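# give the three-dimensional model of this entry:
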Amino acid sequence: MHDYKIRIYHEGKVDFYGYGSDSKAQAEIPGDYILSKMPVFYNPVMKLNRDIAVYTVRTYQILTKKSLRICEPLTGCGVRGIRLAMEVNGADSIIINDINPMAYDIANRNVEMHNLRDKIQVFNEDANLLLSKNAFPMKRFDVIDIDPFGSPAPFLDSALRAISKNNGLLCLTATDMAPLCGVHTNACIRKYGGVPLRTTYCHEIAVRLLISCSVLTASKRDIALAPILSHSTDHYIRVYLKTISGAKNADEMVKQIGYLVHCNHCHFRQLKPGIANSLSSVCPSCGDDARIAGPLWCGKIQSREFIAQVLENSKADGDKRAIRLLSLILEEADAPATYYDLHSICDQLNLPCPALEKIIHPLKEKGYSVTQTHFKNNSIRTNAPVSEILKTIRKAQ
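The predicted structure is shown next:
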C-alpha cells in the first residue's frame with residue numbers, strides 16, 4: 001500500500017503541487033502504482049502527452065491568431081491547463097475542472113502559486129455538466145482537451161456541443177487500450193461503435209476507431225472533424241481534430257469511414273471506405289479466412305503541413321523526446337495506411353529479423369516508398385506488396 005503525500009513537481013515551465021509516493025519507481029514506471037487510487041490524479045509518465053499538447057495548441061494559436069478560450073474538464077491537479085496558460089501566447093481564458101473536491105483544492109493552489117487568476121477559472125463539477133453549460137454560441141471553447149482515466153467516449157457529445165463549430169481544436173486521449181486493441185471486443189463495440197482486431201498494428205486500428213467514433217458523433221451536429229495529428233505512445237493513444245462546420249463537410253468525412261480487411265496468413269490488409277460496404281470474409285490475396293475491423297476511419301490520420309509547423313514551433317524550448325516523436329510522425333505522415341512489424345513476420349517465417357536498413361534500402365531501390373513508423377519499433381510503412389517484403393526479408397538473411 002502506497003503512502004501518497006503532496007509534493008512539488010516540475011514540468012515544462014511550471015512547478016506545481018501533486019500527490020505522489022516517495023518511491024522512485026512511482027514516478028518512472030506507469031504500472032508500478034495504482035493511479036486510480038491516488039487522492040488526486042497525476043501521472044508523470046504523461047508528460048510527453050502534455051508537452052505535445054502545448055506545442056500543438058501553440059501552433060493552433062499562431063495559425064488562427066485567436067485569443068484562445070480553452071477547457072480541460074478532467075484536470076486532476078491542473079498541470080495541463082496551467083502549462084497552457086504559461087507556455088502558449090494567446091491562451092487567455094482557461095477553464096479547468098474536476099469533480100473530485102481534493103483535485104479542485106489542489107488545482108486552486110497551483111493556480112494561486114503562479115498568479116493565474118486572471119487567466120484560469122477552476123470548477124468542481126461533473127465534466128459533462130460543465131461542458132453543457134458552455135454549449136452556447138458566445139460561450140463555446142476554441143480548444144477542448146479530454147484526457148480521462150480510460151475512454152473519452154462518454155464526454156464526446158458534450159465536448160462537441162461546447163466547442164467552436166468552425167476551426168476549433170478537439171484533443172482526445174484514450175488509455176483503455178485493451179478494448180481498442182481487441183482484448184475486450186464487446187467493450188470496444190459498446191464504447192466506440194466498431195470492432196477492433198488483435199493484430200501487430202492494433203494501435204493504429206485503435207487510433208482509427210477513436211477518430212471514427214468522434215467523426216460520427218460530430219456529424220450528428222453537422223460538424224466535420226479532420227484529424228491533424230495522431231500518436232500512440234506508452235499506454236495510450238492521442239488524436240487532435242479540427243472542426244469544420246456544415247452538413248456537407250460532415251458528409252464528406254463520414255464517407256471516409258469504412259472497414260479494414262486483414263489476413264493473418266499472408267499479412268494482406270486493405271482499407272475499404274464506405275459504411276454500407278459489401279465485404280468478403282475471404283482474403284483476396286491468398287484465399288484464407290479474412291478478418292474485418294470497423295467501422296473505422298479510412299482517411300489520413302496526420303496533416304503533414306500542420307505537423308511540420310508544430311515541430312518548428314517546438315524547437316526553441318521543446319523536450320527532446322517530443323521532438324524525436326514529432327519528427328518521426330512527420331516522416332510517415334503521407335505514407336500508406338497500416339504498418340508491417342518485421343519481427344512478427346520473421347517469427348512467422350522462422351527467420352532472424354535483419355537490420356531495418358537491410359529492408360528499407362532494397363525496397364527504396366526498387367522504387368517503393370518506405371518509412372519507419374512511430375507506432376512500433378522495427379516496423380515499416382510501404383506501398384510495396386507483401387510478396388516483395390517477404391522476398392526482401394529472405395534476401396537479407
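# show me where the stretch 51-200 of the chain dips below the pLDDT cut-off.
For the stretch 51-200 of the chain, not a single residue meets the criterion pLDDT under 70.
# what segments of it are strands?
Assigned strands in the stretch 51-200 of the chain, in chain order: 68-72, 91-97, 120-123, 143-146, 169-174 (criterion: DSSP state E, counting those that start in this stretch).
# what residues does the closest residue to residue 90 other than its chain neighbours make contact with?
Excluding the flanking residues, the one nearest residue 90 by CB to CB, 6 or more residues apart in numbering is residue 61, at 4.3 Å. Just so you know, the C-beta spots here come from the backbone N, C-alpha and C atoms, and that holds for glycine as well. Residues in contact with residue 61 (CB atoms under 8 Å, 6 or more residues apart in numbering) are 68, 88-91.
# wait, which of the strands of the stretch 51-200 of the chain is closest to residue 46?
With CB to CB as the measure, strand 169-174 is the member of those nearest residue 46 (8.0 Å).
# between strand 68-72 and the closest one, find me the angle.
Put simply, strand 169-174 runs at 20 degrees to strand 68-72, going by axes from the mean of the first three to the mean of the last three CA atoms, to 10 degrees.
# starting at the chain centroid, how far to strand 169-174?
Remark: strand 169-174 is offset 7 Å from the chain centroid, using CA atoms, centre = their mean, to the nearest Å.
# just list what it packs against, helices and strands only.
Other elements packing on strand 169-174 under the criterion 3 or more CB pairs under 8 Å, 6 or more residues apart in numbering; DSSP states H and E are helix 47-64, strand 143-146, helix 156-162, helix 202-219, strand 236-245.
# now that strand against helix 47-64, angle please.
Going by the same axes, to 10 degrees, strand 169-174 makes 170 degrees with helix 47-64.
# report the strands that pair with strand 169-174, each with its relative direction.
Strand pairing for strand 169-174, using DSSP bridges, gives strand 143-146 (parallel), strand 236-245 (antiparallel).
# which one of those strands is the most hemmed in?
Looking across the strands paired with strand 169-174 with neighbours counted as mean count of other CB atoms under 10 Å, the highest average goes to strand 143-146: a mean of 26.
# C-alpha coordinates for that one, CSV please?
Below are the C-alpha coordinates for strand 143-146, written out as CSV (Å, rounded to 0.1, in the frame of the first residue of the first chain):
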residue,chain,number,x,y,z
VAL,A,143,-9.9,24.2,-27.6
ILE,A,144,-11.2,21.3,-25.5
ASP,A,145,-8.8,18.8,-24.1
ILE,A,146,-10.3,15.5,-22.9
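# okay, now residue 121: neighbour count?
Neighbourhood size, residue 121 [other CB atoms under 10 Å]: 14.
# what sits against the nearest residue to it once chain neighbours are set aside?
Among residues not flanking residue 121 along the chain, residue 95 sits closest, at 5.1 Å (CB to CB, 6+ apart). Residues counted as contacts of residue 95 (CB under 8 Å, 6+ apart) are 70-73, 81, 120-123, 130, 134, 141.
# rebuild those as CSV, extending it with distance to residue 278.
Below are those laid out as CSV (distance: CB to CB, whole Å):
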residue, distance to residue 278
70, 44
71, 42
72, 43
73, 41
81, 47
120, 52
121, 52
122, 52
123, 49
130, 44
134, 43
141, 41
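# select only the buried ones of the residues you listed in PyMOL?
In PyMOL, a selection of the buried entries from those looks like this (16 or more other CB atoms under 10 Å):
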select buried, resi 70+71+72+73+81+120+122+123+130+134+141
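# who's in contact with residue 60?
Contacts of residue 60 (CB under 8 Å, 6+ apart): 68, 143, 169.
# likewise residue 192?
Counting by CB under 8 Å, 6+ apart, residue 192 touches 151, 153, 179-180, 209-210, 212-213.
# swap in residue 207?
Counted by CB under 8 Å, 6+ apart, residue 207 has contacts 230, 232, 237, 239, 297, 301.
# now for those residues: which two are most distant?
Maximum pairwise distance among those (CB to CB): 14.1 Å, between 232 and 297.
# between those two, which is the more surrounded one?
Neighbour tally, residue 232 and residue 297, criterion other CB under 10 Å: the higher count belongs to residue 297, 30 against 21.
# can you name the residues bridging to the more buried one?
Applying DSSP bridges to residue 297 gives these bridge partners: residue 257.
# in this structure it contacts residue 227, no?
Yes: assessed by CB atoms under 8 Å, residue 297 is found in contact with residue 227 at 7.2 Å.
# any residues in contact with both of these two?
Counting by CB under 8 Å, 6+ apart, the residues touching both residue 297 and residue 227 are residue 211.
# and the gap between the residue nearest to residue 121 and residue 143?
Going from residue 95 to residue 143 by CB to CB, to the nearest Å gives 11 Å.
# which residues are common contacts for those two?
70-71.
# give me the element residue 302 is part of.
Counting by DSSP states H and E, there is no helix or strand that carries residue 302.
# what's the span of stretch 305-322, first residue to last?
18 Å (CA to CA, to the nearest Å).
# contacts for that stretch next, please.
Residues external to stretch 305-322 that are found in contact with it (CB under 8 Å, 6+ apart): 13, 47-48, 51-52, 55-56, 58-59, 62-63, 87, 228-229, 323, 326-327, 329-330, 333.
# give me the mean pLDDT for that stretch.
Stretch 305-322 carries an average pLDDT of 93.
# okay, now the residue lying closest to residue 222 once chain neighbours are set aside: neighbour count?
Distance criterion CB to CB, 6+ apart; nearest residue to residue 222, sequence neighbours excluded, is residue 247 at 4.3 Å. Counted with other CB under 10 Å, residues neighbouring residue 247 total 12.
# how much space separates residue 247 from residue 305?
26 Å.
# could you pull out the helices for this protein?
Ranges of helices in the chain, per DSSP state H, are 47-64, 79-87, 101-113, 127-133, 156-162, 177-180, 185-192, 202-219, 247-254, 304-314, 320-332, 342-349, 357-365, 386-395.
# which stretch among these comes nearest residue 282?
helix 386-395 (16.4 Å).
# pLDDT value on residue 7, please?
So residue 7 comes in at 88 (pLDDT).
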